[in-house]
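A.B. asks: Need a 3D model of the sequence below.
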Amino acid sequence: MQIYKVGGAVRDRLLGRPVTETDWVVVGAKVDDMLALGYRPVGADFPVFLHPKTGEEYALARTERKSGRGYGGFTFHTAPEVTLEQDLIRRDLTINALAEDEQGTVIDPYGGRQDLDARVLRHVSPAFSEDPLRVLRVARFAARYAGLGFRIAKETHQLMRQLSESGELKALTPERIWKEISRALMEPYPDVFIQVLHDCGALKELLPELDALFGVPQTAEHHPEIDTGLHILLVLQQCALHEQPLAVRWSCLLHDLGKGATLPENWPRHICHEKNGIALIRAVNQRCKSPRDCQELSLLVGQYHTHAHRALELRPSTLLELLQHFDIYRRPERFEQYLAACEMDARGRQDMQDRTYLQAAYLRGAADTARAIAVQPLLAKGYQGAELGEALKQERLHALSSYKTAHSANQA
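C.D. replies: Here you go, the predicted structure:
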């Protein structure tokens, strides 16, 4: 029995990056051998075990054969005679097909170290095209390592395009797609992930509503970058720069889907794109089975992001209605995420990255003003039921009107 450290742990050590997770491959062993040593089995599809002390994953060396469609369409074979090289060749990229023995010697049968030095993401073998999930994985690695200068090899990009055009992406489950998208959005360069998927044709298959934004013009006055797809990429850059959480990044990704529904004869204006985008955002959320917090925030940001941009122009009644939609009294954190998404939208424009988003402070102050209206004095006056609700509304409207007047006077 021989045990090797494999994959990301070896790759990241050679890159000088922190190693957050370590995987191991065991060569020359059977299931009974692992059980006898106290390893706990966890693999449903092929033998994977947890170390009895460290809890790290140890997998028996295996080969695989394509037997169906999609990520799960493979037959695996494990046996003591399966070699390390046979196990490594089934991996996606050469930089992930690296191993390290107990003495720290790196085993590199497929040129992974050379590609690390050259900053190239290259597939290990033609078997790459058998697994559609690898299109998303390579795009995610591109998003992770773009800051180090990594690029996708031309031949690998060609295989990604072939996979995208084959229809195989449709066999991926929503859970697998969401896992890759959500991880990629939290990488240092989430915009690179979307750009790679667009360039290889995968975005059109997975998120056609988003792909449709590329090439759609906007008014240069508000969007010097013109292209709506480029705007989305710039917004994602701002999300990463300001370390926004996943729900904010997901909402920023989807906030302008309605512009893809604008008829070309109406370009570059996009009247009612907020309303037109609601059904599209809802469809993407349902298809990807995104978490509830991501769904709720993305729908609210899609419908109300221009309200934030025009915050100083809103009437007190419209302002109160906006605050009510976000349930600022019980869920203040969601309103803060909304403000963050709107600020990323405002900054994600060519030559506007450093702009000051005054609307966020104004809306935050408005929310505080509305929250400050206490219900107890109204109860003391005898208000109940619907009358209490209406009286509370009027008190908040009056307070917001005074807030707006005071703010305007300070700005004068």
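A.B. asks: which residue ranges form the helices in the stretch 201-350 of the chain?
C.D. replies: Along the stretch 201-350 of the chain, the segments classed as helices by DSSP state H, counting those that start in this stretch run 202-206, 208-211, 228-241, 246-254, 273-288, 292-309, 316-325, 332-347.
A.B. asks: same for the worst-scoring helix or strand of the chain on mean pLDDT, what does it pack against?
C.D. replies: Taking mean pLDDT, DSSP states H and E as the measure, the chain has strand 74-78 as its least confident helix or strand, at a mean of 75. When contacts are defined as 3 or more CB pairs under 8 Å, 6 or more residues apart in numbering; DSSP states H and E, strand 74-78 sits against strand 62-66. C-beta coordinates here come from the backbone N, C-alpha and C atoms, glycine included.
A.B. asks: In CSV, list the C-alpha atoms belonging to the least confident helix or strand of the chain.
C.D. replies: Extracted C-alpha coordinates of strand 74-78, given in CSV (Å, rounded to 0.1, in the frame of the first residue of the first chain):
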residue,chain,number,x,y,z
PHE,A,74,-19.3,7.1,-15.3
THR,A,75,-18.5,3.6,-14.3
PHE,A,76,-15.6,3.4,-11.8
HIS,A,77,-13.1,0.6,-11.2
THR,A,78,-10.9,0.2,-8.2
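A.B. asks: what's the angle from it to strand 62-66?
C.D. replies: 160 degrees (axes from the mean of the first three to the mean of the last three CA atoms, to 10 degrees).
A.B. asks: For strand 74-78, which strands pair with it and how are they oriented?
C.D. replies: strand 62-66 (antiparallel) (DSSP bridges).
A.B. asks: Which residues does the strand it pairs with contact?
C.D. replies: 46-47, 73-78, 82, 86-87, 90, 127, 130 (CB atoms under 8 Å, 6 or more residues apart in numbering).
A.B. asks: Only the buried residues of it, if you could.
C.D. replies: By 16 or more other CB atoms under 10 Å, the buried positions in strand 62-66 come out as 62, 63, 64.
A.B. asks: got the domain boundaries for the protein?
C.D. replies: Using automatic domain parsing, the domains assigned to the chain come out as 1-112, 119-206, 218-371.
A.B. asks: Between the two ends of the last one, how far is it?
C.D. replies: Which is domain 218-371. Length of domain 218-371, first residue to last, CA to CA, to the nearest Å: 37 Å.
A.B. asks: Verify the stated contact: residue 140 with residue 186.
C.D. replies: No - assessed by CB atoms under 8 Å, residue 140 is found out of contact with residue 186, at 9.8 Å.
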